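Engineer: Whatever this is, show me its structure:
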Amino acid sequence: QVQLVESGGGLVQVGGSLRLSCAASGRSFSSWTMGWFRQAPGKEREFVAAITWSGGSTHYADSVKGRFTISRDNAKNTVYLQMNSLKPEDTAVYYCAKNRAAYGPISAVGTAYDYWGQGTRVTVSS
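Structural biologist: As a prediction, this is how the structure comes out:
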């Protein structure tokens, strides 16, 4: 059984930072490509970042490139999203997700992921 639990969200001022964590249960975490997505109020879910099973490759949405960093610690079954220089438009519920395929490629498409966390809310105030 796979469970993903996000944490670390909250209220932060413009220009501030937050680090989101996604703790995963399951014996095969080190073979999972992982992604972060977000959904702002009234908008569709969008891709934020993804990282391969080894951590050797990452991919970011243009809107967060240079400000957000995705990383993982396979010993702790956890993936992180460090968010710096936050903007009001980063306000959203952030979800982590597991790629369907073991050792799968990075994907920015939601349908490539089969398990999702419950989300953690990030609010950036001006």
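
Engineer: May I have the secondary structure class of the most centrally placed residue in the chain?
Structural biologist: What sits nearest the mean C-alpha location of the chain, by C-alpha atoms, centre = their mean, is W36, with 2.3 Å. The three-state assignment at W36 reads strand, by DSSP: H, G, I helix; E, B strand; the rest coil.

Engineer: Surely it touches L81?
Structural biologist: Yes: W36 is within contact range of L81, at 4.9 Å (criterion: C-beta atoms under 8 Å). In this view, the C-beta of every residue, glycine as well, is placed from N, C-alpha and C.

Engineer: before we move on, the earlier item: so what pLDDT did the residue nearest to the centre of the chain get?
Structural biologist: We have a pLDDT of 98 for W36.

Engineer: Name the residues contacting each of W36 and L81.
Structural biologist: The contact sets of W36 and L81 overlap at L20, C22, V48, A49, I70, Y94, C96 (C-beta atoms under 8 Å, 6 or more residues apart in numbering).

Engineer: List just the nearest of those to P88.
Structural biologist: Within these, the smallest distance to P88 is 15.0 Å, found for Y94 (C-beta to C-beta).

Engineer: Now name the helix or strand holding the closest one.
Structural biologist: strand 92-102 (DSSP states H and E).

Engineer: starting at the chain centroid, how far to the following helix or strand past that strand?
Structural biologist: On the C-terminal side of strand 92-102, the closest following helix or strand by DSSP H and E is strand 113-116. How far strand 113-116 lies from its chain's middle: 12 Å, per C-alpha atoms, centre = their mean, to the nearest Å.

Engineer: With stretch 17-27 instead?
Structural biologist: Here stretch 17-27 shows a centroid-to-chain-centroid distance of 8 Å under the convention C-alpha atoms, centre = their mean.
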